[in-house]
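> fold the following and give me the result.
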Amino acid sequence: MTTDEQLEDYILKHIEPEGEYLHRLYRATNIHLLAGRMASGHLQGRLLKMLVQMIRPKHILEVGTFSGYSAICMAEGLEEGGMVHTFEIDDELEDFARKWIEGSEVANKIQLTIGDALTEAPRLGITFDMAFIDGDKRTYIPIYEMALSVTRPEGFLIADNTLWDGHVIDPAYSRDSQTQGIVAFNDYLAHDNRVEKVILPMRDGLTIIRKRD
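Residues are numbered from 1 along each chain as shown. Predicted structure coming up:
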């Protein structure tokens, strides 16, 4: 076991437990779906829940449901009456994600929509308190602009995968379209004075963004 693996194991043993249902969902995700590691997983899932408990949002926008893991984690942190509006553009994921979301204890706090969040989310007419961006990396900038436009002043946005397995600084991936999308987004965000931002070097990179008043 490498040092990084030992540290990860140590961290997971010293934080809130994942929970049996989420553990089964993460395992099923990795068995039945391609690129199963795209699911947030134990550490990031507990962070998302805690961020929700800290921010105390009423409405959360999620772009990229995948298997439903992150939506469930965020819904766990919501107070009564709160809702996660999660959008997944890949209709082939619907049966899997919907089954696990509807089987969770927080199903009443999650609204799953199959469709393009870029066009569908603004049509809800909701001002969001928090957004989690985890969709197609090639469209992160337009997704961010959409999410920012429907997020309240002093609201928070969280962008996942912003270090992209270190590919953002690896010339070998300079022509990869997904990597190009993340690099362009990071550069774009760095110069956006409408927001405050910090990149957490955990897992695959997580950027916390605060919309200025």
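> mind listing the strands for the chain?
59-63, 83-88, 110-114, 128-133, 151-160, 195-200, 206-211 (DSSP state E).
> so what does the residue lying closest to Gly81 once chain neighbours are set aside look like in phi/psi?
Nearest residue to Gly81, sequence neighbours excluded (C-beta to C-beta, 6 or more residues apart in numbering): Lys58, at 6.9 Å. (Each C-beta comes from the backbone N, C-alpha and C, glycine too.) Per-residue torsions, Lys58: phi -90, psi -40 (degrees, to the nearest 10).
> next: the one 10 residues further on.
Note on Gly68: backbone dihedrals following degrees, to the nearest 10 are phi 100, psi 0.
> sorry, back to before: how much space between the residue nearest to Gly81 and Met38?
27 Å (C-beta to C-beta, to the nearest Å).
> now swap in Gly19 and tell me
19 Å.
> again with Leu112
17 Å.
> and if you look at Glu76?
According to C-beta to C-beta, Glu76 stands 20 Å off from Met38.
> show me the contacts for Val106.
Neighbouring residues of Val106 by C-beta atoms under 8 Å, 6 or more residues apart in numbering: 72, 75-76, 78.
> again, 10 Å this time
Taking C-beta atoms under 10 Å, 6 or more residues apart in numbering as the criterion, Val106 is in contact with 21, 71-78, 82, 84.
> likewise for Tyr188?
140-141, 144-145.
> neighbour-wise, give me the winner out of the residues you listed.
Using other C-beta atoms under 10 Å as the neighbour criterion, Tyr140 leads the contacts of Tyr188 with 26 neighbours.
> which residue is the nearest non-sequential neighbour of that one?
Phe185 (3.9 Å).
> gap between stretch 126-136 and the chain center?
Here the centre of stretch 126-136 is set off from its chain's centre by 8 Å, with C-alpha atoms, centre = their mean, to the nearest Å.
> no no, stretch 95-115
For stretch 95-115, the distance to the chain centre is 15 Å (C-alpha atoms, centre = their mean).
> now do stretch 128-143
Offset of stretch 128-143 from its chain centre (C-alpha atoms, centre = their mean): 8 Å.
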